[in-house]
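**Student:** okay, predicted coordinates and the sequence, questions at the end:
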Amino acid sequence: MNTMNPTVTSEAAMPEEKIVSVKEERPAETVIEEGKTVGHPLSDDPKFKLRNVEVFYGEDRAIKNISLDIGRNEVIAFIGPSGCGKSTFLRCLNRMNDSIDICRVKGQLAIDDHDIYDPKRDVVELRARVGMVFQKPNPFPKSIYDNVAYGPRIHGLANRKSDLDDIVESSLRKAGLWDEAKDRLDAIATGMSGGQQQRLCIARAIAVSPEVILMDEPCSALDPIATAKVEELIAEMSESYTIVIVTHSMQQAARVSHRTAYFHLGHLVEVNETDKVFTSPEHELTESYITGRFG
Amino acid sequence: MQTANLLPLVLVLAVVAYGLAYMRSRAVAAPLGGIRNLKALPFYYAARAALWCAIPALIVLAAWAGFEGKVIQGIVIASLPQDVWPESAGEASLILSQISNVAAGKLNPEFVPEHIVGAASVLETMDDQSENFKAALVLLVAVSGAAFAWTRVSPHINARINVETTLRRIFFVCAALAVLTTAGIVFSVILETIRFFGRVPISDFLFSTSWSPQTALRADQVGSEGAFGVIPLFTGTLLISAIALLVAVPVGLLSAIYLSEYASRRVRSSAKPLLEMLAGIPTVVYGFFAALTVAPFIRELAETVGLEASSQSALAAGLVMGIMIVPFVSSLSDDVINAVPQSMRDGSLALGATQSETMKKVIFPAALPGIIGGILLAASRAIGETMIVVMAAGLAANLTANPLESVTTVTVQIATLLVGDQEFDSAKTLSAFALGMLLFIVTLLLNVVALKIVRKYREQYD
């Protein structure tokens, strides 16, 4: 596991010039104050409590003193220009950054008031509770059935074959894939279309009955129709899961999320109700971004 | 002029042709407004001139060198008086060697008949003339090739296409050479094998259980009957290879998994080259290590537990051979495991799988074809290995499955059959070719079967 995730690296190596150019464009008053987030970063009923989070790649500080609550059964969207740290921050929530040797995480991160980065914590249990869907669909080169059954088998969720069949069916149903896949459960998953593959990955994540689903640009490799299906799915899932979605599409953020968080160069600039962010953003940088002045 | 001098001369001419054509193409381009108005870059005109200069000349040179001897021999024989013309090929070569010995001054002309001396002088003049003609023709071809290329330096002629075509043909010839060599080797082995089966029935060879290839040189010698049953040899080969693979596959595979999935970058960067060094140790070194250290150790160990062990044993050879082929398994497996996309690992880890579950259920199946490839390569090394077996397992063709006894292998027997002076019409010598053929067929079958298995079970991740 020595290969670093390329997207994460590029974020870590975010060039400093960008700051300079932004500062030049905007007058001095929009310089970001570290640790200061405008809007409503906190929540009354938090699933995640994240305080003063900092992430380092070697010497580079990729995440700069971010504090945020993520509410129970909330859909929160992370937006921001490339390299602003939103994927890095997302991957802290299920400790996927662990596999990167040079990555260090500081601060208090808790799920249901239990420390995520407690050295004694069982990361397997954490990841069973916090599922993840990646940017590029990554089904295993196994059958559709085995893909969905992978998690339940690992965690011993089914005692009998019929239980497993039920889990697979209900997961595929929830992911809206059952009708397309029921007749070819034994077919190799990599032979499906990109949109189907991504929904399969969602079904695979659902199959271990997580409480939270992290989505890292889940639609960036999909066509508009497949995207619409995934977005529909997110809306349905929001009733039973907490969903954190990183996206480059502001329309998508506007369509699916309750709250939107705007990241900029490792800072969390603004968190607000999605409507408010897209109609009357409080921070000037947010406004510049959503009006397309940079990004 | 000698061929050895002609060759560099042709190359020098090609370089000169290159330079001249280069300058000429620039000169042609200058009045048109620069090299952009040529159909191809000056390099291509120059390269074409060099190729047209060198390639035909080299072909002529090779052809001349190839046919020169035969032609001169024919002329020399024809120059003999009709009544002494040789009647058979054997006689002809006898006369020819006499003639060339006289011509070279090794044989005193006084001791040979008049017509031989005459033929010798013919041979000498022919040799001289041949040298001169050859030099003249080769240089003529080279210069005219270059001159033709020179006249074709024109803004309207696209030299790039000519050069690309020529290069493609050169590459094809190189590829064909490798294939033809293989075919030639197989063909010659087949021919000798057929000759062998003319003396020893194929059923004896394949199914007899005794191997003792000593045949008598004279009819009155004792033990004139050789026995050519390959079963003990193949049993020995399989036994030793199996022991070697039993060592190499687990050690190699697990070390590959450690290196690719668990080791830190620093450990990996130093451990991998060190492991690969094992493959660089000469097998003869492994051989004496096996014979002098491992084999006695195994015998003592066996004796302490009350087993009888030979001082040369299949186990010693197999163990050491196993160590030797560890890098084949580990290095190739490590590469294919690393080639499995990171997204597969992430996908599995994000579902809460541990590192070892991810390895076992996702990465290993995806990497399986490459891993099998590495194991196959290791197996073919084990089957083909000779030196370690000669030194550590012995030469006795015992039909046994007991790894503590001494056995011998197919390759070892081939080596001992052909070492030293051998006559090429005895069954003993010819049996080496039959063994080689059989070994070739067996390894080929192994490869085919393994490929089929890999195709059936592979999990493609793209």
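**Tutor:** Everything's here; your move. The structure presented is a predicted model; accordingly, all values stated were derived computationally and were not measured.

**Student:** I'd like to know which elements the helix of greatest length in chain B is packed against.
**Tutor:** In terms of residue count, the longest helix belonging to chain B (DSSP state H) is helix B:159-199. In terms of contacts (3 or more C-beta pairs under 8 Å, 6 or more residues apart in numbering or on different chains; DSSP states H and E), helix B:159-199 is packed against helix B:42-79, helix B:427-457. Backbone N, C-alpha and C define where each C-beta goes, glycine included.

**Student:** what's downstream of it, the next helix or strand?
**Tutor:** Following helix B:159-199 in sequence order, the next helix or strand is helix B:202-207 (DSSP states H and E).

**Student:** list the buried residues in that next one.
**Tutor:** residue B:205 (16 or more other C-beta atoms under 10 Å in any protein chain shown).

**Student:** repeat for stretch B:234-253
**Tutor:** B:234-245, B:247-249, B:251-253.

**Student:** now stretch A:165-184
**Tutor:** Neighbour-count burial for stretch A:165-184, counted by 16+ other C-beta under 10 Å, picks out A:167-172, A:174-178, A:180-181.

**Student:** can you tell me how far residue A:66 sits from residue B:374?
**Tutor:** Applying C-beta to C-beta, to the nearest Å, the value for residue A:66 to residue B:374 is 46 Å.

**Student:** can you check residue B:296 too?
**Tutor:** For residue B:296, the distance to residue B:374 - C-beta to C-beta - is 32 Å.

**Student:** one more: residue B:420?
**Tutor:** Residue B:420 sits at a distance of 37 Å from residue B:374 (criterion: C-beta to C-beta).

**Student:** of these two, who's got more company?
**Tutor:** residue B:374 (27 against 6; other C-beta atoms under 10 Å in any protein chain shown).

**Student:** show me the helices in the stretch 51-200 of chain A, by range?
**Tutor:** Under the criterion DSSP state H, counting those that start in this stretch, the stretch 51-200 of chain A carries helices at the ranges A:86-92, A:123-129, A:144-155, A:161-174, A:178-181, A:194-206.

**Student:** make that the stretch 201-350 of chain B, sorry
**Tutor:** Taking DSSP H, counting those that start in this stretch as the test, the helices found in the stretch 201-350 of chain B are B:202-207, B:231-257, B:265-277, B:283-289, B:295-304, B:314-339, B:342-350.

**Student:** pull out the buried positions in the fifth one.
**Tutor:** This means helix B:295-304. B:295, B:298-299, B:302.

**Student:** helix/strand/coil for residue A:260?
**Tutor:** Secondary structure for residue A:260, judged by DSSP: H, G, I helix; E, B strand; the rest coil, is strand.

**Student:** and for residue A:245?
**Tutor:** What three-state DSSP gives for residue A:245 is strand.

**Student:** same check, this time on residue B:157
**Tutor:** Following three-state DSSP, the label given to residue B:157 is coil.

**Student:** now do the contacts for the closest residue to it other than its chain neighbours.
**Tutor:** Among residues not flanking residue B:157 along the chain, residue B:39 sits closest, at 6.4 Å (C-beta to C-beta, 6 or more residues apart in numbering or on different chains). When contacts are counted by C-beta atoms under 8 Å, 6 or more residues apart in numbering or on different chains, residue B:39 is found next to B:155-160.

**Student:** how near is the residue in the stretch 151-295 of chain A that chain B sits nearest to to residue B:325?
**Tutor:** For the stretch 151-295 of chain A and chain B, the shortest gap (C-beta to the nearest C-beta) falls at residue A:151, measuring 4.2 Å. Distance, residue A:151 to residue B:325, using C-beta to C-beta: 38 Å.

**Student:** that concludes my questions; thank you for your assistance.
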